[in-house]
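In: for reference, the sequence and a predicted model appear below.
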Amino acid sequence: MSAEDLRVAAWFCRWCAATAADAAGTSRMKQDPRVVPQRIPCTGALDPLVVLRALVDGADGVLVVGCHPGDCHYLHGNYRARRRLTVLRTVLETFDLQPERLRLRWAGASEPARLVDVVNRAAADAEALGPSAARGLSPAAPPRSNGGKKRRATKKD
């Protein structure tokens, strides 16, 4: 795997991590471009199956960054994320899919330097691990059908 092929899927809490990422960008701090972040309302809302799907679809690492424990805008979201990702890590270990590819970290809105460090470490660690064993486990999606129903004709004006 070349360094350009590396991809780390990331989910950032919109209240803390995404705000820190915006501050890091405004300050022109260097973040690894191979980490692809997505904003979510809260890390507690992240479905573990979405994380698993990211690994199966080719991500070489997963990074979830939320508010510090006790600082969640939704009260218990970061605790929920920690429990869910701990269970997912156990599932990955059961199937020999390197649970160390999954990271959960905390970063406050006022910590852009910490966020940049977390992002760059996640990319470096994923590169050190090499290509994910989960990559390519997903079969091609079957074509969608409409259940055998005939298509309804539409009028053209």
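Out: All right, it came through fine. Numbering: from 1, shown residues only.
In: tell me where the chain has helices.
Out: 17-26, 48-56, 77-94, 112-129 (DSSP state H).
In: can you redo those helices as a markdown table with distance to Leu63?
Out: All C-beta atoms are positioned from the backbone trio N, CA, C, and that covers glycine. Converted to a markdown table, those look like this (distance: least, CB to CB, whole Å):
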| stretch | distance to Leu63 |
| --- | --- |
| helix 17-26 | 10 |
| helix 48-56 | 10 |
| helix 77-94 | 11 |
| helix 112-129 | 4 |
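In: okay, now the unreliable bits of this protein?
Out: Applying pLDDT under 70 to the chain flags the ranges 1-2, 138-157.
In: could you dump the helices of the chain to TSV with distance to Arg7 and mean neighbour count?
Out: Listed next are these as TSV, based on distance: least, CB to CB, whole Å; neighbours: other CB atoms under 10 Å:
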stretch	distance to Arg7	mean neighbour count
helix 17-26	17	19
helix 48-56	9	17
helix 77-94	17	17
helix 112-129	8	19
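In: do you know which of those lies nearest Val36?
Out: helix 48-56 (9.5 Å; CB to CB).
In: give me the contacts around that closest one.
Out: Helix 48-56 is contacted from outside by 9, 11, 62, 64, 84-85, 87-88, 91-92, 97, 101-102, 132, 134-138, using CB atoms under 8 Å, 6 or more residues apart in numbering.
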